[in-house]
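Colleague: this is the structure alone, sequence omitted:
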């Protein structure tokens, strides 16, 4: 039977207390945590030890596909489909193909980066279990939240709740 909880969340009014809670949570052995703040916080991100982003891979693959596709389109058009000898030049004059190949690379890399961003962030996400917390809307203005996910291997409803209560006075069970 799956856990009916998404996790247990603690709310903080001060950034310092929130950062300290992240460090204590990682030190306690919890691995699957989420931290919410009204602004990006590089120090908190470094404490969470997140896995590296896959966005550069999306960009590389998209750029490679764009370069090969743009070059092949020009090659096929000039050499296979319409082989016209203009001014005695070779049919496969690859030097003339480079500007369009470059533009195809940049276009496909940018589009694949955008698509990768939406895929990796699971955006748009009209429902998230954290929306069940009434005070969670304040995370976009002045509150900080730390959630320990229910699928963490160290998660036990009672023990995890007590651990978070030792860090914050406001602790919420987050249903799925």
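Modeller: Sure, I can see it. Predicted, not measured: the structure shown is a model, and the values here were computed from it.
Colleague: partners of the longest strand belonging to the chain, with directions?
Modeller: Determined from DSSP state E, the single longest strand within the chain is strand 5-12. Sheet pairing for strand 5-12, assigned by DSSP bridges, gives strand 144-149 (antiparallel), strand 170-175 (antiparallel).
Colleague: most tightly packed of those strands?
Modeller: For those, the largest average neighbour count (mean count of other Cβ atoms under 10 Å) is found in strand 144-149, namely a mean of 24. The way it works is simple: take the backbone N, C-alpha and C, and place the C-beta from them, glycine included.
Colleague: for it, what is the distance to the chain centroid?
Modeller: Taking Cα atoms, centre = their mean, to the nearest Å, one finds the center of strand 144-149 at 17 Å from the center of the full chain.
Colleague: next one: stretch 91-108
Modeller: Using Cα atoms, centre = their mean, the offset of stretch 91-108 from its chain centre is 31 Å.
Colleague: the protein - how does it break down into domains?
Modeller: According to automatic domain parsing, the chain comprises the domains 5-49+128-175, 55-120.
Colleague: okay, the ones you listed, which one's buried deepest?
Modeller: By mean count of other Cβ under 10 Å, the domains of the chain have domain 5-49+128-175 as the most buried, with a mean of 16.
Colleague: next helix or strand past the longest strand of the chain?
Modeller: Counting by DSSP states H and E, the next helix or strand C-terminal to strand 5-12 is helix 15-27.
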